[in-house]
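Chemist: could you work out the structure for the sequence below:
(chains A, B and C)
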Amino acid sequence: MTIDKLFKIFTPKDSTFYPLFEEDVANLLKIAELLCQLMNTQDPSHWVPLIKQIKVFEHSGDDITNRIYDRLDKSFITPFDREDIQSLASSIDDVADNINRACSRIMLYKPKMFMAEFADLANLILEGARLIDSGIKDIKKSDSNPKLTDICIQISEIENKADDIYHSAISRLFEEEADPIELIKIKDILKSLERATDDAKTVSNVFKTIVIKRT
Amino acid sequence: MTIDKLFKIFTPKDSTFYPLFEEDVANLLKIAELLCQLMNTQDPSHWVPLIKQIKVFEHSGDDITNRIYDRLDKSFITPFDREDIQSLASSIDDVADNINRACSRIMLYKPKMFMAEFADLANLILEGARLIDSGIKDIKKSDSNPKLTDICIQISEIENKADDIYHSAISRLFEEEADPIELIKIKDILKSLERATDDAKTVSNVFKTIVIKRT
Amino acid sequence: MTIDKLFKIFTPKDSTFYPLFEEDVANLLKIAELLCQLMNTQDPSHWVPLIKQIKVFEHSGDDITNRIYDRLDKSFITPFDREDIQSLASSIDDVADNINRACSRIMLYKPKMFMAEFADLANLILEGARLIDSGIKDIKKSDSNPKLTDICIQISEIENKADDIYHSAISRLFEEEADPIELIKIKDILKSLERATDDAKTVSNVFKTIVIKRT
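Modeler: Residues are numbered from 1 along each chain as shown, chains lettered A, B, ... in the order given. As a prediction, the model looks like this:
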């Protein structure tokens, strides 16, 4: 082991974890923006290219997550508790996964139409991704607790709104959709979108834990 | 930091965790009782008020769970292993969540009828909640290992019975229900009820871990 | 406490964990072989006896998993990190669970036919189980890192292939199956099979973590 490597091991790893998380949420933000574009387009010929782009970014997200885990396994000192780094990375990954799952289902199921609530949920997911991005940028500042607490409250409100939209969409679907196969398709797509907002809430729960441990 | 706060930190936290868990399971018991009432009523006009009550208690449960997590993050000394406190709180929360999910699905899907097995599963969930309540009341006693072991065996038997009922209900559903949309509704509701009994088993697994670590 | 027991506690526990894991994966391998037989038989009269056999082995697997957990709770020294032993046991259990779930669904739903992709996925699950078995046999050797890394790459490729097969099966199902109830049945069975390959990937992720921590 060189002196250089030894030196690195005993240096706090803050400077190496934060950029990875910033890259991770920048990637998530891109995915959420593409999802919004997809759900707000009226032209089905735009669906496939957008979904393919989302898939590419979702793979990049997997790579970043793996790099965070690898670093975690090799680091002696971490900027915050190891289990919180792990939960943060895995919950950010879950948001991206569920967005990608919703899109895969659109590709595979070929629903006859999009429900208006797809766009409503996509907009909320994008709002959530922006808040997560902003939280990650702040987390390294020692005085960011009030801001992070505020972000958690906002993400929680988004999750509540998404829940309401999801519930009313499901209720409307069972009232209006007479074709059971179309119902199955739309129900599954709605579920993945709603789960993405649940996962955003999980990210904010990790923020909350980090805030509590600092106080 | 006042002397008082300092003193509190170095006092074992047993006296502060147990009442929270007792509050938590008293709340779960209330939810399970309401579920039994709901599933055993023949009058659909009673459904909505009962489901709304369950939702209120489920929110109270979320608050209690969060208070347990907050306390965990701030405590130096815990009555049993930190990860077991966390698992206990989250698995109790999961039971309540899945009961609430079954009820939401009734509200949103508006199934034409209740299957007889809804009441059978609700009765088993109530039995499970009573055993969990009794386990939590005993856990603080140092000589409660034999009683806790017995509770775990009983919860495991309940889960096996619930599994059998769930399986025969699903099998009957696919044989008898010709309307695919009604089939989807009943299948989803059965699934949430069955998951609630799985989660009760998870609670009992935490009891088991606590017992093993004490021996 | 006898001198004998005291002595045992201070002896590295390698010799007690490895045989349990070897028993666990030998059991998993048996389950995967039976699944292959089931999915490749044309004769429905063979289904029920094969599914019953799988259920028996799945129960044995639960017992082995519980013995690993019990030992973990009682051991001071473990051959690798406690959380990795826990994850390894639980992810192997998940593979078996999802195979068993697919089979239960066949029993309960009585699908009119098997999709060709059932056999394709079963073959991949068997390949995965063989690789897991081989990984477990190697893990105790201190110089097994390159072989384990190679096993992880192969399991990852299997999971990718399974994903592709699952996706094309779902897409074909929604195009060709006009009966919504048959569609629900096949979709659920495919899902459990696909999850089993996801769980095999999770096992390989634990292998990867163990390798990284050793380097």
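
Chemist: look up the closest residue to A:Leu34, ignoring the ones flanking it.
Modeler: Spatial nearest neighbour of A:Leu34, chain neighbours left out: A:Ile54 (4.9 Å); criterion: CB to CB, 6 or more residues apart in numbering or on different chains. (Glycine included, C-beta is placed from N, CA and C.)

Chemist: now do the same for the one you found: its pLDDT.
Modeler: Per-residue confidence (pLDDT) for A:Ile54: 98.

Chemist: need the contact list for it.
Modeler: Residues near A:Ile54 by CB atoms under 8 Å, 6 or more residues apart in numbering or on different chains: A:Ile31, A:Leu34, A:Leu35, A:Leu38, A:Ile99, A:Asn100, A:Cys103.

Chemist: among the residues you listed, which are in helices?
Modeler: Among these, the ones falling in helices (DSSP state H) are A:Ile31, A:Leu34, A:Leu35, A:Leu38, A:Ile99, A:Asn100, A:Cys103.

Chemist: and the helix or strand harbouring A:Met107, what does it pack against?
Modeler: Using DSSP states H and E, A:Met107 sits within helix A:82-109. Packing contacts for helix A:82-109, counted by 3 or more CB pairs under 8 Å, 6 or more residues apart in numbering or on different chains; DSSP states H and E, involve helix A:14-40, helix A:47-74, helix A:116-139, helix A:180-214, helix C:145-176.

Chemist: what's the nearest residue to A:Glu194 if we skip its chain neighbours?
Modeler: Among residues not flanking A:Glu194 along the chain, A:Tyr166 sits closest, at 4.1 Å (CB to CB, 6+ apart).

Chemist: now do the contacts for the one you found.
Modeler: A:Glu117, A:Leu121, A:Leu190, A:Leu193, A:Glu194.

Chemist: one more: A:Phe17?
Modeler: For A:Phe17, the contacting residues are A:Ile68, A:Arg71, A:Ser75, A:Thr78, A:Pro79, A:Ile85, by CB under 8 Å, 6+ apart.

Chemist: okay, the first one and A:Ile92: tell me how far apart.
Modeler: So that's A:Ile68. Distance of A:Ile68 to A:Ile92, computed by CB to CB, to the nearest Å: 9 Å.

Chemist: same check, this time on the last one
Modeler: In this structure, A:Ile85 and A:Ile92 are separated by 11 Å, where distance is defined by CB to CB.

Chemist: low-confidence ranges in chain A?
Modeler: A:1-15 (pLDDT under 70).

Chemist: I'd guessed A:Leu193 sits against A:Asn100; true?
Modeler: No - the pair A:Leu193 / A:Asn100 is not scored as a contact, 11.4 Å apart, by CB atoms under 8 Å.

Chemist: buried members of the contacts of A:Phe17 into ChimeraX, please.
Modeler: Burial among those is assessed by 16 or more other CB atoms under 10 Å in any protein chain shown; the matching ChimeraX selection reads:
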select /A:68,71,75,78,79,85
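
Chemist: of the contacts of A:Phe17, just say which sits nearest to chain B.
Modeler: A:Ile85 (15.6 Å; CB to the nearest CB).

Chemist: give the contact list for that closest one.
Modeler: Counting by CB under 8 Å, 6+ apart, the residues that A:Ile85 touches are A:Phe17, A:Ile68, A:Leu72, A:Thr78, A:Pro79.

Chemist: next, the last one: secondary structure please.
Modeler: When the structure is reduced to helix, strand and coil (DSSP: H, G, I helix; E, B strand; the rest coil), A:Pro79 reads as coil.

Chemist: look up how far chain C lies from it.
Modeler: Noted for A:Pro79: a distance of 20 Å to chain C, by CB to the nearest CB, to the nearest Å.

Chemist: quick check on that residue: phi, psi?
Modeler: phi -70, psi -30 (degrees, to the nearest 10).

Chemist: isn't it up against A:Lys140?
Modeler: Yes - the pair A:Pro79 and A:Lys140 passes the contact test of CB under 8 Å, sitting 7.0 Å apart.

Chemist: the closest residue to chain C within chain A: neighbour count?
Modeler: Chain C sits closest to A:Pro180 of chain A, with a gap of 3.9 Å, by CB to the nearest CB. Using other CB atoms under 10 Å in any protein chain shown, A:Pro180 is surrounded by 19 other residues.

Chemist: do I have it right that it meets B:Ile184?
Modeler: Yes - assessed by CB under 8 Å, A:Pro180 is found in contact with B:Ile184 at 7.1 Å.

Chemist: the residue nearest in space to the middle of chain A: what's its closest spatial neighbour, skipping adjacent residues?
Modeler: Central residue of chain A (CA atoms, centre = their mean): A:Val95, 2.9 Å from the mean position. Among residues not flanking A:Val95 along the chain, A:Asp199 sits closest, at 4.3 Å (CB to CB, 6+ apart).

Chemist: check contacts around that neighbour.
Modeler: Contacts of A:Asp199 (CB under 8 Å, 6+ apart): A:Ser91, A:Asp94, A:Val95, A:Asp97, A:Asn98.

Chemist: residues of chain A that sit close to chain C?
Modeler: Contacts of chain A with chain C, taken as CB under 8 Å from any CB of the partner chain, map to A:69-70, A:73-74, A:104, A:107-110, A:180-181, A:184-185.

Chemist: between the residues you listed, which is nearest B:Asn145?
Modeler: For the residues of chain A next to chain C, the residue nearest B:Asn145 by CB to CB is A:Asp73; the value is 36.7 Å.

Chemist: list the residues that contact the closest one.
Modeler: Going by CB under 8 Å, 6+ apart, A:Asp73 touches C:Thr209, C:Ile212, C:Lys213.

Chemist: mutual contacts of A:Ile68 and A:Ile92, please.
Modeler: Taking CB under 8 Å, 6+ apart as the contact definition, A:Ile68 and A:Ile92 share the neighbouring residues A:Phe21, A:Asp24.

Chemist: show me what residue of chain A gets nearest to chain B.
Modeler: Residue of chain A nearest chain B, by CB to the nearest CB: A:Pro180 (3.9 Å).

Chemist: residues from chain A in reach of chain B?
Modeler: Residues of chain A lying near chain B (CB under 8 Å from any CB): A:His167, A:Ile170, A:Ser171, A:Phe174, A:Glu175, A:Pro180, A:Leu183, A:Ile184, A:Lys187, A:Thr209, A:Ile212, A:Lys213.

Chemist: of all the contacts of A:Ile85, which two lie farthest apart?
Modeler: Using CB to CB, these span at most 11.9 Å, a distance reached by A:Ile68 and A:Pro79.

Chemist: report how many residues lie close to the residue nearest to A:Thr197 when sequence neighbours are not counted.
Modeler: Using CB to CB, 6+ apart and skipping residues adjacent in sequence, the residue nearest A:Thr197 is A:Ala162, 3.8 Å away. Residues near A:Ala162, counting by other CB under 10 Å, number 26.

Chemist: next: the one 5 residues further on.
Modeler: When counting by other CB under 10 Å, one arrives at 15 neighbours for A:His167.

Chemist: that one touches B:Cys103, doesn't it?
Modeler: No - counting by CB under 8 Å, A:His167 stays clear of B:Cys103, with 12.0 Å between them.

Chemist: and A:Val56, how many residues sit next to it?
Modeler: Neighbour count for A:Val56, taken as other CB under 10 Å: 12.

Chemist: do the same with the one 3 residues further on
Modeler: Applying other CB under 10 Å, we find 12 residues neighbouring A:His59.

Chemist: gap between it and A:Asp93?
Modeler: Per CB to CB, A:His59 is found 11 Å from A:Asp93.

Chemist: do the same with A:Asp198
Modeler: According to CB to CB, A:Asp198 and A:Asp93 sit 14 Å apart.

Chemist: these two: which is more packed in?
Modeler: A:Asp93 (22 against 16).
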